[in-house]
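Enquirer: Below are the sequence and a predicted model; questions follow.
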Amino acid sequence: MNGKSKKFTEIMVDAAMWLERRLHLVKLWETTAGHPIPKSSASWFYTFGSMTLLCFVIQILTGIVLALVYVPTAAHAYQSLEFLNFEQDLGWFMRAMHYWGSNCMVIVMALHMTQVFLWGAYKYPRELTWVSGVVLLVLTLAMSFSGQVLRFDSDSYWGIGIGAAIMGRVPFIGAQLVDLLLGGPIIGSDTLGRFFALHVFVVPGAILALLSMHLRVVLGKGINEYPKPGVQVNRQTYDAEYQEIIRKEGIPFVPNGVNKDVVANGILLLIIVALAAFMGPKGPDIPGDPTQVIAEAKPDYPFLWLLSAAALLPNGSEYALFFVFPIIAAIVLFGLPFFAGEGEKSWRRRPVAIIAVILIYLCVGMLTYAGITGPWSPHMDAWSSDPINAALIKGRAPLELQGALVFQNNQCRNCHAIDGKGGHRGPDLTAIGTIQTQPQLVRQIIQGGGNMPAYGKNLSPQQITALTSYLVSLRPPHTGPARDAAMPEKPLPASNEKQAKPAEKGHEG
């Protein structure tokens, strides 16, 4: 080595040592990326945490790009998203990455919480790790919902309305919460401004703060070792046992334990890019309009199960779904590490935990599937595109034919199918004549009931008579009409007939 090279090397070493004495970079590396972890925790099951962090980074980066174009006002929000979709270079791709990254973040974080629960990583001494993770899950859902609102299309507009209706039912402070949520008496620019602030500043800032604490606790208390059946957690002995595990089989997270995280995050990134490229962004759909009720408005995927639950549960159960259930869930989730902080960690010996996870995923999965495929809304073009089967018209009396016209022209087909064609929000009416009598149908149409609104003010008595006449004629061949259960099936006895004759004569006279 010549003199110049030696002198340059000495200068670089001196500069590095100068930085080290002031920043303690070696110690920082050893306590963060290079911190020791149990060899057993370098597993595919432990990659969900870093995958969640990747999704959050994608949300931050794409959100910054979108915020440069998006205008959070009622007059320009929808148009700015249209501009991103069709005019801005790669604007649609950024929106798609942001949307699918959000959905993947919710899914991966739910899987991460499930893994932590099944592996008993919420037990001593990692109570704060679990509690901060629960709060991060809530904040992730809040970020997903506030992002949906910013589209300001029919889904988001009526989603805000439903959210405001739920808030309004909170005892004592409901009205104040609604005003805080909407920024005024109506859904408008003030509402969008507040949700924009929540989505861009408040919620991400809270996530960053909680994430810092979460990672600090993880580094301080160590990553949970792979639980072995029969090994119990005891507050008095666990810390020493964990240090012994680290001493015997500890490996630095970087580079020894990070390999599977890199692969898993690469696969997740490819999935998000593929979804963005081939599926595209969500919306914006029909513009939000308070004068136009869009019956098919639905929330994004993370909240579809709530839509299904609200639709399938009986009337009057809203308080249980939106208030009682969340309170119970919060008590269970936040209290779990405190009333079950010791004992068995392995899921193999915790059948109650396995059953609970299976039931939760089954319920949420089935409700989400119902939200995707279920006929929650009318089939809005059924009245015009699906003519009534000719076999259901042939041979009808003039009054019944008039009723068929009333049925078709007043959009009854939007909610009710005939011969399988039409909407499925209400029951199929192909054989309604064998189920309900004409007086029962008249009462149902005028007063409504169940999920059916009342149409007494929308139809004239003549239209109702014609419509019900047609409906009672809808029954299979050689099948009698429905009969009122309150009426006797057989003729009155002879004694009753004799007693009835004087009344009949008196009436005739």
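Expert: Sure, I can see it.
Enquirer: quick one, strands of the stretch 1-150 of the chain?
Expert: 36-38 (DSSP state E, counting those that start in this stretch).
Enquirer: meant to ask about the chain, not that
Expert: 36-38, 232-233, 250-252, 343-344, 417-418, 421-422 (DSSP state E).
Enquirer: backbone phi and psi for Q436, please?
Expert: Backbone dihedrals for Q436, given as degrees, to the nearest 10, come out at phi -130, psi 150.
Enquirer: Highest mean neighbour count across the strands of the chain, which stretch is it?
Expert: Comparing the strands of the chain by mean neighbour count (mean count of other CB atoms under 10 Å), strand 417-418 ranks first with a mean of 22. Using the backbone N, CA and C atoms, a C-beta is placed for each residue, glycine as well.
Enquirer: quick one: strands adjacent to that strand?
Expert: strand 421-422 (antiparallel) (DSSP bridges).
Enquirer: tell me the average confidence for the partner strand?
Expert: On average, the pLDDT along strand 421-422 is 81.
Enquirer: How is this structure partitioned into domains?
Expert: 19-373, 382-472 (automatic domain parsing).
Enquirer: For L211, give me its contacts.
Expert: By CB atoms under 8 Å, 6 or more residues apart in numbering, the residues touching L211 are L53, F56, L136.
Enquirer: Pretty sure F117 sits against V357.
Expert: Yes: F117 lies in contact with V357 (CB atoms under 8 Å); the separation is 7.0 Å.
Enquirer: ok so, going back, which one of the domains of the chain lies nearest to T479?
Expert: Between T479 and those, the shortest gap by CB to CB is with domain 382-472, which sits at 5.7 Å.
Enquirer: what's the spacing between the closest one and its chain's center?
Expert: The chain centre lies 34 Å from the centre of domain 382-472; the measure is CA atoms, centre = their mean, to the nearest Å.
Enquirer: what about Q176, distance to L182?
Expert: Computed as CB to CB, to the nearest Å, the Q176 to L182 distance reads 11 Å.
Enquirer: correction: N410
Expert: N410 is 35 Å from L182, by CB to CB.
Enquirer: Comparing those two, which shows the higher neighbour count?
Expert: Per other CB atoms under 10 Å, whichever of N410 and L182 has more neighbours is L182, with 20 against 15.
Enquirer: contacting residues around the residue lying closest to that one once chain neighbours are set aside?
Expert: Nearest residue to L182 in three dimensions, chain neighbours excluded: T191, at 4.8 Å (CB to CB, 6 or more residues apart in numbering). The contact partners of T191, by CB under 8 Å, 6+ apart, come to A74, V149, I160, L181, L182, G183, G184.
Enquirer: ok so, going back, out of F117 and V357, which sits in the more crowded spot?
Expert: Remark: of F117 and V357, F117 carries more neighbours, 19 against 14, as counted by other CB under 10 Å.
Enquirer: For the more buried one, give me its contacts.
Expert: F117 touches L336, A353, V357, counting by CB under 8 Å, 6+ apart.
Enquirer: residues contacting the first one?
Expert: Residues near L336 by CB under 8 Å, 6+ apart: F117, Y122, W130.
Enquirer: Backbone dihedrals for the second one, please?
Expert: In this entry, Y122 is assigned phi and psi values of phi -90, psi -10 (degrees, to the nearest 10).
Enquirer: What residues does it make contact with?
Expert: Y122 neighbours (CB under 8 Å, 6+ apart): V116, T129, W130, L336, P337, A340, G341.
Enquirer: Skipping adjacent residues, who's closest to the fifth one in space?
Expert: Distances taken as CB to CB, 6+ apart place E127 nearest to P337, at 3.9 Å, with adjacent residues excluded.
Enquirer: Tally up the residues packed near that neighbour, please.
Expert: Neighbour count for E127, taken as other CB under 10 Å: 17.
Enquirer: How about the one 10 residues further on?
Expert: Per other CB under 10 Å, the neighbour tally for L137 reads 17.
Enquirer: Now do it, the pLDDT please.
Expert: Listed pLDDT for L137 reads 96.
Enquirer: sorry, back to before: next one: the residue nearest to P337, what pLDDT does it get?
Expert: E127 carries a pLDDT value of 96.
Enquirer: how much space between it and W44?
Expert: For E127, the distance to W44 equals 26 Å [CB to CB].
Enquirer: what do you get for D153?
Expert: Taking CB to CB, one finds D153 at 39 Å from W44.
Enquirer: where in this structure is pLDDT low?
Expert: Low-confidence segments of the chain, defined by pLDDT under 70: 1-3, 289-297, 375-386, 449-451, 484-509.
Enquirer: Excluding chain neighbours, what is closest to the spatially most central residue of it?
Expert: Nearest to the mean C-alpha position of the chain, by CA atoms, centre = their mean, lies F303 at 1.1 Å. Excluding the flanking residues, the one nearest F303 by CB to CB, 6+ apart is F145, at 6.8 Å.
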